[in-house]
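A.B. asks: Quick one: sequence and predicted model below, then my questions.
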Amino acid sequence: MSLLKNINNNISSIIGPEMEIDGNVSVKGDLLIYGTVHGDVKSDNDIISAKDSTVNGNIDSKNASISGIVKGNLIIKSKVTLKKDA
């Protein structure tokens, strides 16, 4: 997985490519999103959205790397990286 090359090993949660969540998601550690979330996503650390992921809500985190679709606001405390396909 080339997406994981530049990410530290602190990912505590993964939303898989075949997962669809209806509701808000909140995690303490880093979150990697491959699937779809219909709701807000919050992390105390980093959120990484993969190329084919979708978030229909706000993303609130320390840092974010966005490669998928986000239909909401980004509330980022430090750094946002928007990938070419985002």
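C.D. replies: That came through fine. Keep in mind the model is a prediction, meaning the values are calculated, not measured.
A.B. asks: Where do the strands of this protein begin and end?
C.D. replies: Here the chain has its strands, by DSSP state E, at 11-15, 20-22, 25-27, 30-33, 36-38, 41-43, 46-49, 54-55, 59-66, 69-70, 74-82.
A.B. asks: any chance of those in JSON lines, with mean pLDDT and mean neighbour count too?
C.D. replies: Backbone N, C-alpha and C define where each C-beta goes, glycine included. Below are the strands of the chain laid out as JSON lines (pLDDT from 0 to 100; neighbours: other Cβ atoms under 10 Å):
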{"stretch": "strand 11-15", "mean pLDDT": "94", "mean neighbour count": "16"}
{"stretch": "strand 20-22", "mean pLDDT": "98", "mean neighbour count": "12"}
{"stretch": "strand 25-27", "mean pLDDT": "97", "mean neighbour count": "16"}
{"stretch": "strand 30-33", "mean pLDDT": "98", "mean neighbour count": "24"}
{"stretch": "strand 36-38", "mean pLDDT": "98", "mean neighbour count": "19"}
{"stretch": "strand 41-43", "mean pLDDT": "98", "mean neighbour count": "22"}
{"stretch": "strand 46-49", "mean pLDDT": "97", "mean neighbour count": "25"}
{"stretch": "strand 54-55", "mean pLDDT": "98", "mean neighbour count": "21"}
{"stretch": "strand 59-66", "mean pLDDT": "98", "mean neighbour count": "20"}
{"stretch": "strand 69-70", "mean pLDDT": "97", "mean neighbour count": "18"}
{"stretch": "strand 74-82", "mean pLDDT": "97", "mean neighbour count": "13"}
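A.B. asks: Just give the nearest non-adjacent residue to residue 82, would you?
C.D. replies: residue 66 (5.3 Å; Cβ to Cβ, 6 or more residues apart in numbering).
A.B. asks: Identify the residues contacting that neighbour.
C.D. replies: When contacts are counted by Cβ atoms under 8 Å, 6 or more residues apart in numbering, residue 66 touches 49, 59, 74, 80-83, 86.
A.B. asks: Check residue 26 too.
C.D. replies: For residue 26, the contact set (Cβ under 8 Å, 6+ apart) comprises 41-43.
A.B. asks: of all those residues, which comes closest to residue 11?
C.D. replies: Checking the contacts of residue 26 against residue 11 by Cβ to Cβ gives residue 43 as the nearest, at 10.4 Å.
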